[in-house]
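*Asks:* Fold the stuff below for me.
(2 chains, ligands or ions: 2)
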Amino acid sequence: MDPKPLWLLAELTYRCPLQCPYCSNPLEFAGPRFKRELSTEEWCRVFRDAKALGVLQLGLSGGEPTLRSDLEELVRTAHELGLYSSLITSAYRLTRDRLAALRQAGLDHVQISIQGADAELSDEIAGTASYRDKIAAYHYTRELGFPLTVNVVLHRRNLHQVEALIRLAESLGAERIELANTQFYGWAFHNRDALMPTKAQLEAAWAVVQRERQRLGGRLEIVWVLPDYHEQFPKPCMGGWGRAYMTVTPAGEVWPCHAAGRITTLRFESVRERPLEWIWHESEAFNRFRGESWMPEPCRSCPRKEMDYGGCRCQAFLVAGDAGVTDPVCSLSPRRHLIDATVAQVERGAAAQATPEQWTYRAAPASRALAAKG
Amino acid sequence: MSPASAAAVPRVAPKARLQWDDVRNRHVLLYPEGLVILNHTGAEILGVCDGVRSLAEIVATLEQRYGASGLEPDVCALLDGLAAKGLVLYGP
Ligand code: SF4
Ligand code: SF4
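*Replies:* Ligands and ions are numbered 1, 2, ... in the order given. Coordinates of the predicted model:
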C-alpha cells in the first residue's frame, strides 16, 4: 500500500515583489511552463482531492500568495475541508484588513519571512524595500490572534545576525522562528558561491542557537534547518520521496518536493490533465524513487537508509547530474568530493579575504535570460 | 509526577485543532507545521478536556466511563507530553 500524503504545498503564483537571491523557485519561473495559473475552481478541486487522499496540512505559498485576489476564497475552502492552513508570505503591502479577512475565512497560521534583523540588510537581501511592511504585519498577526512563525533563510551575509533575529522574534511574541540554512536549489544553487557560509560562521551561529534555546525554554521554538553541505550525512529529504509530501506549482504540475521540477529526467503530470489521486499513486515521477528498490550502493546496504532515504534526489541531480545516485552530501557517496570542493573554495576565499561573488537577484528579466541560455 | 496539580484545568492550545480524520479513521491534533495522529485512548482523553473540568474531574469521568481505576498516570502522561510541546495548556 502506498503511503497517504499529509502535506500539500500550494504554490499559488510565482509572481513576487521581492527578489531574494536564495529563492527556491525554479530559475525559469517567468517562462511559459509556469505562466497559466490555476483558477480558483482548479485550486479548490486540488484541495478537495488532496484532502480525500489524506492531506491535513496545507501551505499557501509562492511566489507571493497574497497577490492572488482569491486567497480568501481558497482559505475558506481549505477551512471547510478541515485542512490546517498556513500562509507563507513576505508580507509586502499586507494590510491588517487583509489579514483580518483571512482570519475570518479560517486561516490557521501565518509565516512571515524576514531577510535580516534590520531594515538596511533585510531590504538589501530582499532587493525590495519591505522591512517596514514585515514588522507591521508581524504585529497585526499577533493582534489578530494567529500563531506566528518568523521565517529566515540563513547564508553568508546574515548568519552573524542570528541572535538579533531570535530577539526580534521573541519581542514579537512569535511561536516559532525557523532559521533555515540555505538549501541549494533554484536560485540558491545558481547563487551558491555568493551565499555559501564559512564553517566558522556556522559554528558561531549554532552556538548562539543552543544558548538561546537554553534561555528561552519553551517560550519560543527555534527551528534550525541544517546546512547539509557541512554535514556528514544527508537530510531525510521530504520524509522520503512520495511518502508524505507534494507540491503543486502555479500552473498545476505536481512535484514530490518544491525543487523536483528541475529533474529533467522525470516527467511531471499536471492536475489539469490527470486526477491528483492518479498522480500520487500511479505516476512515474512519484513512483520512481518511492521506497527502497531504486537505491544504488552505498545506500542499498546501508543501515541509515531507513532514516534518510538516501538523501535528496534533487541534490543528486543538481550536483552529480543523476537523480538516481546517493546524495553527494553523504560522506559515503563516491561523489562527496564535489561538495567538498565547493566548501573548500569558500574557505579559501574567506581566508584570503576575497570579496565574495555577486549574486543574481531573483527577478523576471533574469529568469527569462537564464531560461533563454538553457 | 505531572507538573500540573489535580485542580489544574487542561485545554487544547488555541494554535492547535483536534479533529476527526475520515481517511485514517483517527482523531488528529493539528498545529503549526505538525500533527499528532491520536490513538483511541488519546482522543478520548483530549475529548473531555473542555477547558472547564479539572484534571481530577477528567480522570474521574474517564474512570467512570470505562469502569476502570488508576487511569491518572496515563492521562497525565498524554497531557504532559502535549503540554511540553505547547499543545495543551493548564489553566487555573
Ligand atoms: S524567497 Fe523571496 S523572492 Fe522567492 S518567493 Fe519568497 S519572498 Fe519571493
Ligand atoms: S549511504 Fe545512503 S543511506 Fe547511507 S547514509 Fe549515505 S545517503 Fe544515507
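
*Asks:* From now on I want contacts and neighbour counts done on CA atoms only, so please keep to that.
*Replies:* Noted.

*Asks:* Under the pLDDT cut-off, which ranges of the chain? List them.
*Replies:* No chain specified, so I'll use chain A. By pLDDT under 70, the weakly predicted segments of chain A are A:1-2, A:374.

*Asks:* wrong one, I was asking about chain B
*Replies:* Using pLDDT under 70, the flagged stretches of chain B are B:1-3.

*Asks:* Going by residue numbers, what spans are helices in chain B?
*Replies:* For chain B, applying DSSP state H gives helices covering B:40-47, B:55-66, B:72-84.

*Asks:* What residues of the first one count as buried?
*Replies:* When you say that, I think you mean helix B:40-47. Across helix B:40-47, burial judged by 16 or more other Cα atoms under 10 Å in any protein chain shown covers B:42-43, B:45-46.

*Asks:* Need the helices of chain B in JSON lines (columns: distance to ligand 1).
*Replies:* Below are these laid out as JSON lines (distance: least, Cα to the nearest ligand atom, whole Å):
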{"stretch": "helix B:40-47", "distance to ligand 1": "37"}
{"stretch": "helix B:55-66", "distance to ligand 1": "44"}
{"stretch": "helix B:72-84", "distance to ligand 1": "32"}
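
*Asks:* quick one, which of those helices is nearest to A:Ile339?
*Replies:* Closest to A:Ile339 of those is helix B:72-84 (Cα to Cα; 38.3 Å).

*Asks:* Contacts for that closest one, please.
*Replies:* The contact list for helix B:72-84 (Cα atoms under 8 Å, 6 or more residues apart in numbering or on different chains) reads A:218, B:2-3, B:10, B:42, B:45, B:59, B:88-90.

*Asks:* Switch the buried residues of helix B:40-47 over to a markdown table; also include distance to ligand 2.
*Replies:* Below are the buried residues of helix B:40-47 laid out as a markdown table (distance: Cα to the nearest ligand atom, whole Å):
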| residue | distance to ligand 2 |
| --- | --- |
| B:Gly42 | 34 |
| B:Ala43 | 36 |
| B:Ile45 | 39 |
| B:Leu46 | 38 |
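
*Asks:* Can you pull up the most central residue in chain B?
*Replies:* The C-alpha lying nearest the average C-alpha coordinate of chain B belongs to B:Leu46 (Cα atoms, centre = their mean; 3.1 Å).

*Asks:* Which residue of chain B lies farthest from its centroid?
*Replies:* The outermost residue of chain B, judged against the average C-alpha position, is B:Val23 (22.0 Å), by Cα atoms, centre = their mean.

*Asks:* And for the residue nearest to it when sequence neighbours are not counted, the neighbour number?
*Replies:* The shortest distance from B:Val23 to any non-neighbouring residue, by Cα to Cα, 6 or more residues apart in numbering or on different chains, is to A:Gly54 (5.6 Å). Residues lying near A:Gly54 (other Cα atoms under 10 Å in any protein chain shown) number 20.

*Asks:* For A:Gly54, list the residues it contacts.
*Replies:* So A:Gly54 contacts A:4-6, B:23-24 (Cα under 8 Å, 6+ apart).

*Asks:* What of A:Tyr131?
*Replies:* Neighbouring residues of A:Tyr131 by Cα under 8 Å, 6+ apart: A:114, A:118-119, A:122-123.

*Asks:* And A:Ala194, by the same measure?
*Replies:* Residues near A:Ala194 by Cα under 8 Å, 6+ apart: A:156, A:356-359.

*Asks:* Distance to chain B added to those, as TSV?
*Replies:* Converted to TSV, the contacts of A:Ala194 look like this (distance: Cα to the nearest Cα, whole Å):
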residue	distance to chain B
A:Arg156	26
A:Pro356	35
A:Glu357	35
A:Gln358	34
A:Trp359	31
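
*Asks:* Can you name the residue of the stretch 101-250 of chain A nearest to chain B?
*Replies:* The nearest approach of the stretch 101-250 of chain A to chain B comes at A:Pro147, 5.9 Å away (Cα to the nearest Cα).

*Asks:* thought that residue was touching A:His109?
*Replies:* Yes: counting by Cα atoms under 8 Å, A:His109 is a contact partner of A:Pro147 at 5.3 Å.

*Asks:* Which helix or strand contains A:Val110?
*Replies:* Taking DSSP states H and E as the criterion, the element that holds A:Val110 is strand A:109-113.
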